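Peer 1: Okay, structure incoming, though there's no sequence with it:
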């Protein structure tokens, strides 16, 4: 139980701190434009240390959260969803290593994160018996996946210029809310 609570703390800290660092990097980089850039562009700019540290920190702490989730969920199928989350956390950390300068590897790890995290939510939602977590996981998983998969359509439909950073931030916020909610559940567990 103590480890599950530590995992919950890691989930909240990893999500909130890393996203805060990313948003701070957007404000500190005078060249960054929401209607032109992707968040990953920050990995090679003047605030690259801040952005890349956010990716490494977020991926590492979320991986510890995922380990806690793996022991929390007893259903084998739900654990398959958690394995997807574990891999997405590794890809998130690798986004801070393979920057946009390593174009192919960066696209691979960034898309891996943006697709595997919501896929994990959906699998957990379909396979867990917990009513609240089940519905929340499915809704947030579908919303996050739709945000990133509909990216090409957003560029044609939006009445204003939209860069990759906007849907990336929206999906990151959806992932953050799910993670904080589930992490809070882990923190509420009574220590035996």
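Peer 2: Alright, I've got the coordinates. Everything numeric here is computed off the predicted structure, so don't read it as measured data. Numbers count the residues shown, from 1 in each chain.

Peer 1: ok, residue 26 touching residue 165?
Peer 2: Yes. Using Cβ atoms under 8 Å, residue 26 is in contact with residue 165, at 7.4 Å. Glycine gets a C-beta too; all of them are placed from N, C-alpha and C.

Peer 1: In terms of neighbours, single out the busier of those two.
Peer 2: residue 165 (22 against 19; other Cβ atoms under 10 Å).

Peer 1: quick one, phi/psi of the nearest residue to the more buried one once chain neighbours are set aside?
Peer 2: Once flanking residues are discounted, residue 165 sits nearest to residue 39: 4.8 Å by Cβ to Cβ, 6 or more residues apart in numbering. When read as degrees, to the nearest 10, the backbone of residue 39 gives phi -60, psi -30.

Peer 1: hmm, back to that, overlap in contacts, residue 26 and residue 165.
Peer 2: Counting by Cβ atoms under 8 Å, 6 or more residues apart in numbering, the residues touching both residue 26 and residue 165 are 32, 34, 39.

Peer 1: in the chain, which helix or strand is least confident?
Peer 2: helix 151-157 (a mean of 66; mean pLDDT, DSSP states H and E).

Peer 1: got the buried residues for stretch 124-141?
Peer 2: 124-125, 127-128, 133-134, 136-138, 140-141 (16 or more other Cβ atoms under 10 Å).

Peer 1: Please name the residues that touch residue 60.
Peer 2: 14, 89, 93.

Peer 1: ok, so what distance separates it from residue 140?
Peer 2: Note on residue 60: its distance to residue 140, by Cβ to Cβ, to the nearest Å, is 22 Å.

Peer 1: And residue 85, by the same measure?
Peer 2: Residue 85 is 12 Å from residue 140, by Cβ to Cβ.

Peer 1: for residue 166, same thing?
Peer 2: Distance from residue 166 to residue 140, by Cβ to Cβ: 18 Å.

Peer 1: would you list every one of the helices in this protein?
Peer 2: Secondary structure of the chain (DSSP state H): helices at 2-28, 48-72, 76-95, 103-127, 131-149, 151-157, 165-187.

Peer 1: mean pLDDT lowest for which of these?
Peer 2: For the helices of the chain, mean pLDDT drops lowest on helix 151-157, to a mean of 66.

Peer 1: Around the residue nearest to residue 8 when sequence neighbours are not counted, how many other residues sit close by?
Peer 2: Spatial nearest neighbour of residue 8, excluding adjacent residues (Cβ to Cβ, 6+ apart): residue 186 at 3.1 Å. Using other Cβ under 10 Å, residue 186 is surrounded by 22 other residues.

Peer 1: which residues does residue 186 contact?
Peer 2: Taking Cβ under 8 Å, 6+ apart, one finds 4-5, 7-8, 11, 68-69, 72 in contact with residue 186.

Peer 1: Can you tell me which of these comes closest to residue 120?
Peer 2: residue 69 (9.2 Å; Cβ to Cβ).
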